[in-house]
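> I'd like to go over a predicted model; first the sequence, then the structure.
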Amino acid sequence: MTQVDQRLVLLMSYYRDAELRGANLLFRLLSHLDDPESQTKLSLHLADETRHAWLWTKRIKDLGGEPVKVDDGYQRRIGLRAVPRNLIDILALTVVVEERAFQRYQEHAQRPDVDPETRAVLHEVTKDEKWHISWVRNKLEELAREMGAEDQMRAALERYQEIDRLAYEELLAKERAVFGAASAS
């Protein structure tokens, strides 16, 4: 029996945690966006996020590991810096988080040492992130126009992008400490 690489289990547990917390954010959005189109898209988006969490859970189990509880993941680090107070904030945060997930999964998939099964999971979740970003950004822009809140939208996006940058830098530093400097870009 091969030994489980606990570093990979931990990394995938962080991915899993981010997907589950993303699902929680979407669940909150369900009570704010009442129109049928948004309800439909949110339902599919929520299903995708929980499926992504399952794909990471399954990959961990397939490697012979167990999911690890994550107390300092990406979204928790975001939440320590800002809590969205209105619909524009929630949508802006969702766009930024989805963009980070897309970028992160793409970067990970391009590493030369990724096994084929993990690469397949990375490709599966990445393709969903594209439409997640698109529909949420379109909804954010639509609402901002209707509310005359385009400046508020731009400010929220900039604020969450800066918070994302800080949280991601912290996670990269932690990843480098676990895997070594060459593993995380």
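Yep, it's here.

> can we go C-alpha only for contacts and neighbour counts from here?
Fine.

> quick one, phi/psi of the closest residue to residue 129 other than its chain neighbours?
Spatial nearest neighbour of residue 129, excluding adjacent residues (C-alpha to C-alpha, 6 or more residues apart in numbering): residue 102 at 5.7 Å. Phi and psi for residue 102, reported as degrees, to the nearest 10, are phi -60, psi -50.

> And residue 37, by the same measure?
Torsion angles at residue 37 (phi, psi; degrees, to the nearest 10) stand at phi -60, psi -40.

> do residue 70 as well
According to degrees, to the nearest 10, residue 70 has phi -110, psi 120.

> Repeat that for residue 115.
As for residue 115, its main-chain torsions (degrees, to the nearest 10) stand at phi -70, psi 160.

> Count the residues that sit near the residue nearest to residue 129.
21 (other C-alpha atoms under 10 Å).

> right, and it touches residue 126 too?
Yes - with contact defined as C-alpha atoms under 8 Å, residue 102 and residue 126 form a contacting pair (5.6 Å).

> and the gap between the residue nearest to residue 129 and residue 138?
With distances taken as C-alpha to C-alpha, to the nearest Å, residue 102 is found 17 Å from residue 138.

> would you put the C-alpha positions of stretch 116-128 in CSV?
The C-alpha coordinates for stretch 116-128 follow below in CSV (Å, rounded to 0.1, in the frame of the first residue of the first chain):
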residue,chain,number,x,y,z
PRO,A,116,-3.9,12.7,-14.4
GLU,A,117,-6.8,12.1,-12.0
THR,A,118,-6.2,15.4,-10.2
ARG,A,119,-5.8,17.2,-13.5
ALA,A,120,-9.2,15.8,-14.6
VAL,A,121,-10.8,17.2,-11.4
LEU,A,122,-9.1,20.6,-12.0
HIS,A,123,-10.4,20.7,-15.6
GLU,A,124,-13.9,19.7,-14.5
VAL,A,125,-14.2,22.5,-11.9
THR,A,126,-12.5,25.1,-14.1
LYS,A,127,-15.0,24.8,-16.9
ASP,A,128,-17.8,25.5,-14.5
